[in-house]
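Asks: I would like the atomic coordinates for the input below:
(3 chains)
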Amino acid sequence: MKTSAANPVAPPLNPIELIDWFAATARPLPWRAPGITGWGVLVSETMLQQTPVNRVQPIWEEWMRRWPLPSDLAAEPQGEVVRAWGKLGYPRRALRLHEAAGIIAAEHGDVVPSDVNTLLALPGIGAYTARAVAAFAYGKRAPVVDTNVRRVVARAVHGAGDAGPPSTKRDLDDVDALLPDDDASAARLSAALMELGQVVCTVRSPLCESCPIAHDCAWQHAGRPAYAGPPKKVQKFAGTDRQVRGKLLDVLRGATGPVQREQLDAVWSDAGQRDRCLDSLLVDGLVEQTDDGRFALPGEH
DNA sequence: GAATCGTGGGC
DNA sequence: TGCCCAAGATT
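Replies: Below you'll find the model as predicted:
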């Protein structure tokens, strides 16, 4: 039990303060505009996975212009979708979103589902994205837990310098306990918690002077102790397969059709690693080989 | 739970 | 291309 029976009613955070702060200061991101569909929200949330807002925005706008409905995207060849994904990174997200769009068009009347479990059954939609769509597109009460929310909760509720390693069930329960009962307020609070983590309660140099809940933040009251959990694991990039895969795919994105193997060979000197990465791209379905032995984005030959 | 999967900006 | 980080999902 985390809460004391002697103090059952004291809310850890005041939802009203956060909701009001969000209403007054939220950035006017295009996917937050009134009337945005579930499809618009799903595309934005997928693109935003591990990817900064500024890089997503122009691509999202292009996608909404070109493919205003799931069926519009589903009608495209996979390769065109991968190319339009550009350099957002983790291009398997594009393939999964394309696949999800086909399922939504075929089985859900071309409308993104609003039920969390239905969303979770779609490719590329996990614990975060399913609840983000339910909350932000459909105004439902659903604990939306991303890295920002985890940090806000770690500080404001638990008084820690940062969140420890993620644990989906514990994290969901943590945030669920903060949400008001009614759908509309809970959905607004979820958006507010994320925004707070992004613009105020940041990893480095948090702007506590501007924080609407600093007065009942456990981290403040504890004297803002440093993070004391296990060391965060830092992902290498230079020299890894991810870098090589990125270089290989970049060649194919920039080509208008199939390319010769020599063109791919030029991007990386280690032949063994190069071949392994090309194989993995073929396995992932991000690259296809033509009958004459050349390579192309899927469906583009 | 741990490893893997891109890309680029801030420092 | 040093280290850290960014609205995660999948295996």
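Asks: Could you chop chain A up by domain?
Replies: Taking automatic domain parsing as the criterion, chain A consists of the domains A:37-136, A:241-296.
Asks: mind checking which of those domains is nearest residue A:225?
Replies: domain A:37-136 (27.3 Å; Cβ to Cβ). From N, CA and C alone the C-beta is placed, and that goes for glycine too.
Asks: average pLDDT for that closest one?
Replies: For domain A:37-136, mean pLDDT is 98.
Asks: wait, does that domain contact DNA strand B?
Replies: Yes. Residues of domain A:37-136 contacting DNA strand B under Cβ under 7 Å from any atom of the strand: A:50-52, A:55, A:87-92.
Asks: measure the closest residue to residue A:179 other than its chain neighbours to DNA strand B for me?
Replies: Distances taken as Cβ to Cβ, 6 or more residues apart in numbering place residue A:186 nearest to residue A:179, at 4.1 Å, with adjacent residues excluded. Counting by Cβ to the nearest atom of the strand, to the nearest Å, the gap from residue A:186 to DNA strand B is 25 Å.
Asks: Compare the domains of chain A and report which one is nearest to DNA strand C.
Replies: domain A:37-136 (2.6 Å; Cβ to the nearest atom of the strand).
Asks: Quick one: end-to-end distance for that closest one.
Replies: The first residue of domain A:37-136 is 10 Å away from its last residue (Cα to Cα, to the nearest Å).
Asks: And stretch A:201-221, by the same measure?
Replies: 15 Å.
Asks: Tell me the buried residues in it?
Replies: The neighbour-count check on stretch A:201-221 (16 or more other Cβ atoms under 10 Å) flags A:201, A:206, A:211-214, A:217-220 as buried.
Asks: just those now: which is nearest DNA strand C?
Replies: Nearest member of these to DNA strand C, counting by Cβ to the nearest atom of the strand, is residue A:201, at 9.6 Å.
Asks: Hmm, that closest one is touching residue A:157, no?
Replies: No. Assessed by Cβ atoms under 8 Å, residue A:201 is found out of contact with residue A:157, at 11.7 Å.
Asks: Could you check how many residues crowd around the residue of chain A found nearest DNA strand B?
Replies: Per Cβ to the nearest atom of the strand, residue A:246 is where chain A lies closest to DNA strand B, at 1.5 Å. Using other Cβ atoms under 10 Å, residue A:246 has 17 other residues around it.
Asks: hang on, it in a strand?
Replies: No. Counting by DSSP: H, G, I helix; E, B strand; the rest coil, residue A:246 is not part of a strand but helix.
Asks: can you pull the contacts of the residue nearest in space to the middle of chain A?
Replies: What sits nearest the mean C-alpha location of chain A, by Cα atoms, centre = their mean, is residue A:49, with 2.3 Å. Counting by Cβ atoms under 8 Å, 6 or more residues apart in numbering, residue A:49 makes contact with A:90, A:93, A:128-129.
Asks: top of the residues you listed by neighbour count?
Replies: Busiest of these [other Cβ under 10 Å] is residue A:129, holding 23 neighbours.
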